[in-house]
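Asks: Dropping the sequence and predicted coords here.
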Amino acid sequence: MPHKAAVKISTRTSPLAEHFEFLRGLIASPKGVGAIAPSSAALARAIALQADPDQPGDVLELGPGTGVVTEALIARGFRPERITAIEYDPEFVRRVRERCPGVHVIEGDAFALDRTLRPEDSGCCAVISGIPLLNWPQERRQALIEAALDRVRPHAPFIQFSYGLTPPMPATDRFEVRRAAVIWANLPPARVWVYRSR
Ligand SMILES: C[S@@+](CC[C@H](N)C(=O)[O-])C[C@H]1O[C@@H](n2cnc3c(N)ncnc32)[C@H](O)[C@@H]1O
C-alpha cells in the first residue's frame, strides 16, 4: 500500500501575503480599515502589553484585521479561549479563526456591542480596539468607548492605537485617557492610548 505522507498545512502567511490580504480589506472598505498595513509586531506587542492576563475576565478585541494583535495577546499569556474578537469583514474573520484557533471570532459590528454581544459578555479585563476611530464623528467615538468601558471590570482599560499626535477622543467627565507608548517602528509611527472610567 502506498505510504501517505501526513501533510501539514501551515496557517502562517508570509509578511508580503499578509500585506496583500490587508490591502484587499482596505480596498473593500477604505473607511473601516483605515490603514495601509497591519500593525507591526512592535506595535502589536505594545498594545498587548497594556492588557494584563493575570487579571480576571476575558479580553475583547474590536477590529482584529489579519490577527496580528490577537496573536500578540496569545504571546502575552492570554489563552485563546479568553479572547473574543469582533470583526465585520468576513475574510478577516476567516483569517483570524485560522490563525488563532480557539479565539471566539464574531462577525459583527463593534459599534453595536449590545447587538453583537450577549448581556453576560462583560467583566472583561480589557478591550482592545483597532477600529480607525478618526474616520467616525466624535459622538460615535465617544459612544463606542463608553459602550466598551461598560463591558470591562472597574478601572480596566480600553486600549486604542492611532496615528495622530493627540488621542482620537479627548477625556470626558466619564473617562480619562493617557498615552501609554509611541511606536516609531511602525508605518506610520503609532501611539497607544489607554482610556479608563473615572
Ligand atoms: C486599522 S485595521 C486594524 C487591524 C488590526 N487590529 C491591526 O492592528 O493590524 C481596522 C480593522 O477594524 C475592522 N473594522 C472597522 N470597522 C468595524 C466595525 N464597525 N466592526 C468590526 N470591525 C470593524 C476592519 O475591518 C479592520 O479589520
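Replies: Here it is on my side, so go on. Numbers count the residues shown, from 1 in each chain.
Asks: what's the burial count for Y88?
Replies: 18 (other CB atoms under 10 Å). (Glycine included, C-beta is placed from N, CA and C.)
Asks: quick one, phi psi at it?
Replies: Torsion angles at Y88 (phi, psi; degrees, to the nearest 10) stand at phi -100, psi -10.
Asks: Ok, P132 next?
Replies: Residue torsions, per degrees, to the nearest 10, at P132 are phi -70, psi 80.
Asks: That one and G32 touch, don't they?
Replies: Yes - under the criterion of CB atoms under 8 Å, P132 makes contact with G32 at 7.4 Å.
Asks: Quick check: F161 is in a helix.
Replies: No - F161 is assigned strand when assessed by DSSP: H, G, I helix; E, B strand; the rest coil, not a helix.
Asks: Surely it is in contact with G130?
Replies: Yes - using CB under 8 Å, F161 is in contact with G130, at 6.9 Å.
Asks: Between those two, which contacts overlap?
Replies: S39 (CB atoms under 8 Å, 6 or more residues apart in numbering).
Asks: Can you list the residue ranges for strands in the chain?
Replies: Taking DSSP state E, the strands of the chain run over residues 59-62, 83-87, 104-107, 126-129, 158-162, 175-183, 190-197.
Asks: how about the residues of this protein near the ligand?
Replies: Within the chain, the positions near the ligand by CB under 6 Å from any ligand atom are 25, 32-35, 38-39, 63-65, 68-69, 86-89, 92, 109-111, 130-132.
Asks: Pull out the buried residues from these.
Replies: Buried by 16 or more other CB atoms under 10 Å: 25, 32-35, 38-39, 63-65, 68-69, 86-89, 92, 110-111, 130-132, out of the residues of the chain next to the ligand.
Asks: Okay, and which of those residues map to helices?
Replies: Among those, the residues falling in helices (DSSP state H) are 25, 32-33, 68-69, 92.
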